[in-house]
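K.L.:
Quick one, structure for this:
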Amino acid sequence: MNIPNALTILRIFFVPVLVAALVQETLWFQVDGVRVTNDWLALAIFLVAAGTDLLDGYLARRWKQVTTIGTLLDPIADKLLISAALISLVQIRALPGWMAVLLIGREFAVSGLRSIAAAEGYIIKASDLGKTKMFSQVVAISVMLPSVRHPALRPAGLALMWGVVFFSLVSAVSYFAKFWHKVDKSVKHRRRRELLTLERKRQRALMRQRRSTGAAGAAGGLGGTIWKPPEVN
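P.N.:
Numbers count the residues shown, from 1 in each chain. Coordinates of the predicted model:
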């Protein structure tokens, strides 16, 4: 396992830590006399996890260690991190539930498209719109997390979340418009080949059956004929 892929897996392990820090509203501790509450701890964890997203991509390109598993695993790690943050914000009533459902539903839809495309031999890489969406999600959630204890940040956080909704929907439409036709055409072509292969096998089996039946009939006809000498008057 190379370092970029290890950073991607590390981001996945940050997910339960982020959820635990955010939902434990009574959690706090002091660092050099400064009181650190759970919202600031959750923000620190979230920013570190989001930072690994930038770092693993940069290192993979710089060291030429871009792999198929990394290309597929990286968006999954991103979606797990964002989904965990959104669900936790809904749990503590800092974010409307419908907004989280819409954003997470979009992630599932695009992930499903990626899975189908991968099965057909297509690798869907993150587009510029997708990267803009991810950046807007990080910024919006980074503002929403401290708004749990600082209500003055809530209007700005919600405004940024509306921007996230916009970029999420636009990028999803872009992905489906670009790749759905290719994937659908590939699936139909593959099924057509499978049906033709099955039909050839059926025809061959039928021909073998006819040949064996004809041979058995011919052998039966020969075996049933009894030669008799001619009668002498």
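
K.L.:
Low-confidence ranges, this protein, go.
P.N.:
For the chain, the stretches with pLDDT under 70 are 126, 184, 186-187, 215-233.

K.L.:
If we use 80, what do you get?
P.N.:
For the chain, the stretches with pLDDT under 80 are 1, 25-35, 57-58, 65-72, 114-131, 178-191, 213-233.

K.L.:
Would you state the helices of it in chain order?
P.N.:
3-23, 38-62, 68-91, 97-119, 128-144, 154-224 (DSSP state H).

K.L.:
So which of those helices is nearest Q30?
P.N.:
When the helices of the chain are compared by C-beta to C-beta, helix 38-62 sits nearest Q30, at 12.0 Å. Just so you know, the C-beta spots here come from the backbone N, C-alpha and C atoms, and that holds for glycine as well.

K.L.:
Residues contacting that closest one, please?
P.N.:
2-5, 7-8, 10-11, 14-15, 17-18, 21-22, 24-28, 65-67, 70, 74, 77-78, 81, 85, 88, 134, 138, 141-142, 145-146, 148-150 (C-beta atoms under 8 Å, 6 or more residues apart in numbering).

K.L.:
Go ahead and confirm V170 touches L129.
P.N.:
Yes - with contact defined as C-beta atoms under 8 Å, V170 and L129 form a contacting pair (6.0 Å).

K.L.:
Might one say that L86 is in contact with W98?
P.N.:
No - using C-beta under 8 Å as the test, L86 is too far from W98 to be in contact (11.3 Å).

K.L.:
Neighbour count: the two, which is higher?
P.N.:
Using other C-beta atoms under 10 Å, the more surrounded residue of L86 and W98 is L86, with 25 against 9.

K.L.:
Look up how far F46 lies from that one.
P.N.:
Going from L86 to F46 by C-beta to C-beta, to the nearest Å gives 11 Å.

K.L.:
Now the common contact residues for those two.
P.N.:
I141.

K.L.:
Of all residues in the protein, which one is nearest the centre?
P.N.:
The centroid of the chain falls nearest to S111 when counting by C-alpha atoms, centre = their mean (2.9 Å).

K.L.:
what residues are up against that residue?
P.N.:
Going by C-beta under 8 Å, 6+ apart, S111 touches 75-76, 79.
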